[in-house]
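Q: based on what follows, work out the 3D shape:
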Amino acid sequence: MWTADIPFVEPVAAAQALAALPGLAFLDSAMHHDTLGRTSTLAADPFGRFRFRDGVATLDGRPLPGSGLAALRACLAPYRTERETDLPAFAGGAIGYVAYDLGATLERVAAPARRADLCDDIAFNLYDTVLSIDHGTGRCRLVATGFPETDPAAREARARARLARFTALLAEARPSPEPAAQGPLAWRSNFTRPAYEAAVERVRDYIRAGDIYQANIAQRFEADLPPGFDPFALYRRLRAINPATFGAYLAFEGLSVASSSPERFLRLSGSSIETRPIKGTVRRVADPEADARLGAALQANPKERAENIMIVDLLRNDLSRICEPHSVRVPVLCGLESYASVHHLVSVVTGTLKADMDALDLIAATFPGGSITGAPKLRAMDIITEIEGDARELYCGAIGALGFDGDLDTAIAIRTVFMDDRVAVLQAGGGITLLSEPGPEYEETLTKAARIFEAFGAEGCGPEGHGAGTDARRAP
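A: Reported below is the predicted structural model:
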């Protein structure tokens with residue numbers, strides 16, 4: 001690896017500078033945290049583009065043998081490197097997403113009735129040069145791998161040339177004013193309020209019948225975009241309004257992704273695994289004492305704790321399939337984490353990956369995440385498909401980075417918008433249990449979506465009774 005330290009560059013300014021190159025990827029810790037939100041990573045101008053859709057894997061548009069995660073593994077194999085402890089956690093590799101609907105290729109579950117086909121099932125770009133910004137120390141480091149060159153001399157020459165090019169681009173980075181809202185937009189949902197409340201009752205009926213214990217049901221909101229809409233400006237507003245530890249902006253050909261996810265799905269460092277499921281949400285309020293009471297009440301709420309513990313048990317079971325015996329642990333159970341608009345209950349589950357497994361085996365064994373499906377997982381996924389009707393596509397999939405060294409860090413794709421040049425899509429849902437009440441469950445979906453609506457424009461929502469209506473404007 002070849003590295004260069006550069007003067008501190010504010011992450012958004014760095015992203016704007018690198019946007020001069022194709023394929024910008026910005027893994028953004030907009031909500032700084034000593035561990036979860038310590039580093040932001042930026043990359044651009046990938047040397048390879050892996051896609052998987054409709055059972056066909058491609059690299060730069062050329063078909064590849066195999067399919068899905070196995071094809072991605074083969075694509076990455078020529079560039080395998082050893083972990084270097086003096087480098088940032090991500091020092092080159094693949095950045096992208098795995099869509100929720102890949103789950104139908106990993107398990108025997110029902111296919112959705114409708115699919116908009118905005119997303120691939122897997123989309124990763126391969127990056128040889130990355131910028132790492134440490135928010136704790138202010139250190140900015142460029143790292144270049146020299147790939148796809150594999151001859152030592154050619155690889156070093158490419159790495160040095162790439163460092164020089166990125167250094168020059170970043171030297172011109174300058175902060176710019178916060179962008180104005182590009183809305184309001186006319187949002188429409190695949191549920192009316194009565195229909196969503198009826199969906200909650202259907203899940204409760206399945207629970208009473210003994211089919212499941214819990215299922216996550218989401219609304220899908222869509223809105224037409226005006227000509228000239230700027231996806232990165234939308235992401236800038238979103239990160240300012242709703243900063244998150246696992247924010248992301250990804251630019252693909254014909255698709256942009258803006259995410260402010262608070263939830264880590266899977267992290268693999270060496271053989272150490274961590275997942276951080278979120279179950280339990282309450283909106284925040286401006287008064288500090290009242291806000292603290294809401295957080296404390298959430299942490300003590302029997303229904304919310306039961307829901308969280310149920311998913312922890314599911315994830316312990318998933319991890320046990322690919323972890324060393326007796327290595328799965330729960331160091332945090334129902335901890336309270338606070339974000340811009342909501343408090344969440346978050347647990348932490350850890351384990352040690354078996355020696356003959358890798359990051360893609362880990363994804364295959366656990367995907368989609370239990371916190372956004374339900375329990376038992378497969379039956380819950382069938383019920384989700386039946387009730388929601390529409391393919392989730394990227395929503396509740398995973399966004400993140402897979403290093404050439406084999407390490408992995410991904411977030412659950414919630415609080416996430418994906419858009420082409422015509423339409424924007426966002427979804428919001430919640431876990432339904434026997435104790436769920438239809439009205440509050442509907443309101444919870446609006447609370448989760450409210451900051452995204454605000455990023456587009458404070459008035460942006462569909463007519464009353466279709467989508468969020470005026471309720472979303474009341475959400476904080």
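
Q: C-alpha only now, for contacts and for neighbours.
A: Fine.

Q: name every strand pairing with the strand or helix carrying Ser256 and say which way it goes.
A: Using DSSP states H and E, Ser256 sits in strand 255-261. Partners of strand 255-261 in the sheet, by DSSP bridges, are strand 246-252 (antiparallel), strand 416-419 (antiparallel).

Q: out of the ones you listed, deepest packed?
A: strand 246-252 (a mean of 25; mean count of other CA atoms under 10 Å).

Q: what is the mean pLDDT for that one?
A: Mean pLDDT, strand 246-252: 97.

Q: now do the contacts for the closest residue to Asp101 other than its chain neighbours.
A: Excluding the flanking residues, the one nearest Asp101 by CA to CA, 6 or more residues apart in numbering is Glu393, at 5.7 Å. Glu393 is in contact with 99-101, 115, 117-121, counting by CA atoms under 8 Å, 6 or more residues apart in numbering.

Q: quick check: Glu393 vs Glu263, distance?
A: Distance, Glu393 to Glu263, using CA to CA, to the nearest Å: 18 Å.

Q: just to revisit the earlier point, can you redo the strands paired with strand 255-261 as a markdown table with distance to Leu42?
A: As requested, the strands paired with strand 255-261 are arranged in a markdown table below (distance: least, CA to CA, whole Å):
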| stretch | distance to Leu42 |
| --- | --- |
| strand 246-252 | 10 |
| strand 416-419 | 18 |
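
Q: out of the ones you listed, nearest to Leu225?
A: Closest to Leu225 of the strands paired with strand 255-261 is strand 416-419 (CA to CA; 8.7 Å).

Q: picking that back up, C-terminal to the strand holding Ser256, what's the next element?
A: strand 264-269.

Q: and the contacts of that following strand?
A: With CA under 8 Å, 6+ apart, strand 264-269 has contacts from 246, 273-277, 359, 363, 369, 398, 407-412.

Q: please pick the buried ones from those residues.
A: 246, 273-277, 359, 363, 369, 398, 407-412 (16 or more other CA atoms under 10 Å).

Q: show residues contacting the helix or strand hosting Arg305.
A: Element membership for Arg305, per DSSP H and E: helix 302-320. Residues outside helix 302-320 that contact it (CA under 8 Å, 6+ apart): 214, 277-280, 298-299, 328-329, 333-334, 345-347, 349, 351, 362, 365-366, 369-371, 374-377, 431, 433, 435.

Q: hang on, the earlier thing: to Pro440, which of the strands paired with strand 255-261 lies closest?
A: strand 416-419 (21.8 Å).

Q: contact partners of the closest one?
A: Against strand 416-419 from outside (CA under 8 Å, 6+ apart): 118, 231, 255-261, 394-395, 424-427, 452.

Q: nearest to Phe50, of those residues?
A: Leu255 (14.4 Å).

Q: quick one: the closest one and Leu118 touch, right?
A: Yes. Leu255 is within contact range of Leu118, at 7.4 Å (criterion: CA atoms under 8 Å).

Q: enumerate the positions of stretch 422-437 that are buried.
A: 424-434, 436.

Q: quick revisit: of the contacts of strand 264-269, the lowest pLDDT goes to which?
A: Pro277 (92).

Q: pLDDT score for Leu266?
A: 98.

Q: can you check Ala116 too?
A: Reported pLDDT for Ala116: 91.

Q: let me see the domain layout of this protein.
A: The domain map for the chain lists 2-171, 188-224+276-474, with the assignment taken from automatic domain parsing.

Q: mind checking what secondary structure the residue sitting furthest away from the middle of the chain has?
A: Computed with CA atoms, centre = their mean, the residue of the chain farthest from its C-alpha average is Ala153, at 37.5 Å. When classified by DSSP: H, G, I helix; E, B strand; the rest coil, Ala153 comes out as helix.

Q: Gly400: what's it in contact with?
A: Gly400 touches 27, 95-97, 408-411, counting by CA under 8 Å, 6+ apart.

Q: overlap in contacts, Leu255 and Leu118.
A: The contact lists of Leu255 and Leu118 share 419-420, where a contact means CA under 8 Å, 6+ apart.

Q: if we can go back for a sec, among the contacts of strand 416-419, who's most crowded?
A: Compared across the contacts of strand 416-419, Ser260 has the highest neighbour count, 31 neighbours, by other CA atoms under 10 Å.

Q: thought that residue was touching Gly247?
A: Yes. Taking CA under 8 Å as the definition, Ser260 is a contact partner of Gly247 at 4.2 Å.

Q: tell me, what's touching these two both at once?
A: With CA under 8 Å, 6+ apart as the test, Ser260 and Gly247 both reach Arg239.

Q: did I read that right, Ala181 in a helix?
A: No. With three-state DSSP as the criterion, Ala181 is assigned coil and is not in a helix.

Q: pLDDT value on it, please?
A: 92.

Q: ok, for it, nearest residue in space, not its chain neighbours?
A: Nearest non-adjacent residue to Ala181 (CA to CA, 6+ apart): Gly457, at 5.2 Å.

Q: what about that neighbour, neighbour count?
A: 18.

Q: also Gly351?
A: So Gly351, with other CA under 10 Å, has 23 neighbours.

Q: relative to Gly96, how far out is it?
A: Distance from Gly351 to Gly96, by CA to CA: 24 Å.

Q: now do Phe404
A: For Phe404, the distance to Gly96 (CA to CA) stands at 14 Å.

Q: between these two, which one's more packed in?
A: Each of Phe404 and Gly96 has its neighbours counted (other CA under 10 Å); Gly96 has more, 27 against 24.

Q: report the contact partners of that one.
A: Neighbours of Gly96 in contact, by CA under 8 Å, 6+ apart: 25, 122-125, 250, 399-401.

Q: make sure it is indeed in a helix.
A: No. Per three-state DSSP, Gly96 lies outside any helix segment and is strand.

Q: contacts for the strand holding Ser256 next, please.
A: Under CA under 8 Å, 6+ apart, the answer for strand 255-261 is 118-119, 231-232, 234-235, 238-239, 242-251, 411-421.

Q: export it to CSV, keeping only CA atoms.
A: Taking C-alpha atoms only, strand 255-261 is exported to CSV below (Å, rounded to 0.1, in the frame of the first residue of the first chain):
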residue,chain,number,x,y,z
LEU,A,255,-29.0,5.5,-9.4
SER,A,256,-28.1,7.6,-6.4
VAL,A,257,-28.4,6.5,-2.7
ALA,A,258,-28.6,8.8,0.3
SER,A,259,-28.7,7.2,3.7
SER,A,260,-28.7,8.3,7.3
SER,A,261,-28.8,4.9,8.9
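
Q: let me see the mean pLDDT of it.
A: pLDDT averaged over strand 255-261 gives 97.

Q: name the residue closest to the centre of the protein, please.
A: In the chain, the C-alpha nearest the mean C-alpha coordinate belongs to Ala413, at 3.0 Å (CA atoms, centre = their mean).
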